[in-house]
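1. Structure for the following, please:
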Amino acid sequence: MKQKPGKLYLIPTPIGASPDFPLVCFNSSILHGIHVFVVEAEKSARKFLKQCAYPHPFEHQVFLELNEHTHDTEAGAFLSYVLEGRDAGLMSEAGLPCIADPGAKAVRLAHTHGIEVIPLPGPSSVFLALMASGGNGQQFTFHGYLPIAKHSRQVKLRDIEHLAGKTGASQIFMETPYRNISLIEQILHTCRPDTMLCIACDLLGPQQKIITDTVAGWKVRQAGEFRKIPAVFIMFR
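-> Residues are numbered from 1 along each chain as shown. This is a model prediction of the structure:
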């Protein structure tokens, strides 16, 4: 008889600086039964599992890294374990797996092989920011990270602003924390004064700050408070 495959659980991890975030309790009973983990970084995954009072010795568990450096041919390393009947857990470095995260490769492979995919509840900086922005929560587009090159980024910002005006949808994007200030400066230089911009930083953390204002209004604010802090940007009209 053919072995029934295991399941692939999508395991959220905390964002911000709250190790006791309730999701740890919500998902612990499932976590404790998993012995194969697909993770962005093994060190941080082990730290999270300790917060969940994971009862098994780590040296007897399987940790497979899947991140931006993983070759496509290695993304399916977990399949052999699941196809032989073992459950696996896919973890993001922070927040929900597969949202601004490379885990989608594993999920796509799971579906291709008829493996059941089970998402678990947890926080997402993208959706927390949208909830608190005042922008359109019925229609929105997530652009991920913007281009690094200044000219390409300017073109992208103009495109995003045009979409916001044409569709009425909120336009969501992110940046690496150390480039926050240069992105804010470019937005203020590029976009119309009446375009709305929300910046939500350090969500669920001690420095959490969520501010929505016009581009004109942002020009008189101090952007330095967002320096090197994880942030989500939302543009709308």
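
2. And the strands in the protein?
-> Secondary structure of the chain, counting by DSSP state E: strands at 7-11, 36-39, 62-65, 88-91, 116-119, 140-145, 170-175, 196-201, 209-214, 231-236.

3. Kindly reformat the ones you listed as TSV containing mean pLDDT, mean neighbour count and distance to P55.
-> The way it works is simple: take the backbone N, C-alpha and C, and place the C-beta from them, glycine included. Formatted as TSV, the strands of the chain follow (pLDDT from 0 to 100; neighbours: other Cβ atoms under 10 Å; distance: least, Cβ to Cβ, whole Å):
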stretch	mean pLDDT	mean neighbour count	distance to P55
strand 7-11	96	24	16
strand 36-39	96	25	14
strand 62-65	94	16	16
strand 88-91	95	25	15
strand 116-119	96	14	21
strand 140-145	96	14	37
strand 170-175	97	23	35
strand 196-201	97	23	36
strand 209-214	97	16	38
strand 231-236	97	25	35
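
4. quick one, longest helix in the protein?
-> Longest helix of the chain, by residue count under DSSP state H: helix 150-167.

5. how distant is it from the center of its chain?
-> 22 Å (Cα atoms, centre = their mean, to the nearest Å).

6. Could I get the average pLDDT for it?
-> What helix 150-167 shows for mean pLDDT is 97.

7. Next, the angle strand 170-175 makes with it.
-> 160 degrees (axes from the mean of the first three to the mean of the last three Cα atoms, to 10 degrees).

8. which residues touch helix 150-167?
-> Helix 150-167 is contacted from outside by 139, 141, 143, 146-147, 169-171, 173, 183, 186-187, 190-192, 195, 235-237, using Cβ atoms under 8 Å, 6 or more residues apart in numbering.

9. which parts of that helix are buried?
-> Residues of helix 150-167 classed as buried by neighbour count (16 or more other Cβ atoms under 10 Å): 153-154, 156-157, 160-161, 163-165.

10. re the thing from before, to L128, which of the strands of the chain lies closest?
-> strand 196-201 (7.1 Å; Cβ to Cβ).
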